[in-house]
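Colleague: generate a structure from the sequence data that follows.
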Amino acid sequence: MIQIDQKTHTTQDGTTVIVLTPAGRLDITTAWQFRLKLQECISKLSRHVVVNLGSVNFIDSSGLTSLVAGMRDADKVKGSFRICNVHPEARLVFEVTMMDSVFEIFETEEEALEGVPRTIAS
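Modeller: This next block holds a predicted model:
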């Protein structure tokens, strides 16, 4: 079981952003729960999600897969998917797999939230 803290943030322009902060390990035993949580948030609450990885000290390929799936879900509904505060132990996994170039990764939660309205004006 993975502990996932969830909070809602509203930006200046009124955009609702869900901030998810999982804690512990994001691996084969917990990634599916996190994946379901992401799906639920994007489909029911907001298409804009920030994932704070400051409390995740271990991530494996299933953890990365759940993040990629969340990003795809957000893309499908023209939302945004950002990652912030990557734990130093987990950062290496992002760099080795080149996932640091796939995701929008911010240093802090504040920066990730400020950067959210990067939607393309249609």
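
Colleague: look up how far Asn52 lies from Thr108.
Modeller: With distances defined as C-beta to C-beta, to the nearest Å, the gap from Thr108 to Asn52 amounts to 9 Å. C-beta here means a position set from N, CA and C on the backbone, and glycine is covered the same way.

Colleague: tell me the contacts of the residue nearest to Asp5 when sequence neighbours are not counted?
Modeller: Spatial nearest neighbour of Asp5, excluding adjacent residues (C-beta to C-beta, 6 or more residues apart in numbering): Thr21 at 4.1 Å. The neighbourhood of Thr21, defined by C-beta atoms under 8 Å, 6 or more residues apart in numbering, consists of Ile4, Asp5, Gln6, Lys7, Val51, Asn52, Gly54, Ser55.

Colleague: who does the strand of greatest length in the chain pair up with?
Modeller: Determined from DSSP state E, the single longest strand within the chain is strand 16-26. Applying DSSP bridges, strand 16-26 is found paired with strand 3-10 (antiparallel), strand 48-52 (parallel), strand 55-59 (parallel).

Colleague: pLDDT averaged over the very next helix or strand once past it, what's the number?
Modeller: Sequence order places helix 31-40 as the next helix or strand after strand 16-26, per DSSP states H and E. Helix 31-40 comes out with an average pLDDT of 97.

Colleague: buried ones in helix 31-40?
Modeller: Ala31, Gln33, Phe34, Arg35, Lys37, Leu38 (16 or more other C-beta atoms under 10 Å).

Colleague: just grab the bridge partners of the spatially most central residue of the chain for me.
Modeller: In the chain, the centroid-proximal residue (C-alpha atoms, centre = their mean) is Val51; its distance is 2.9 Å. Val51 has these beta-bridge partners by DSSP bridges: Leu20, Ile83.

Colleague: give the contact list for it.
Modeller: Counted by C-beta under 8 Å, 6+ apart, Val51 has contacts Val19, Leu20, Thr21, Pro22, Leu38, Leu67, Gly70, Phe81, Arg82, Ile83, Cys84.

Colleague: what does Thr108 show for phi and psi?
Modeller: phi -120, psi 160 (degrees, to the nearest 10).

Colleague: okay, now it: neighbour count?
Modeller: Look at Thr108: counted by other C-beta atoms under 10 Å, it has 12 neighbours.

Colleague: I'm done for today, thanks for sticking with me.
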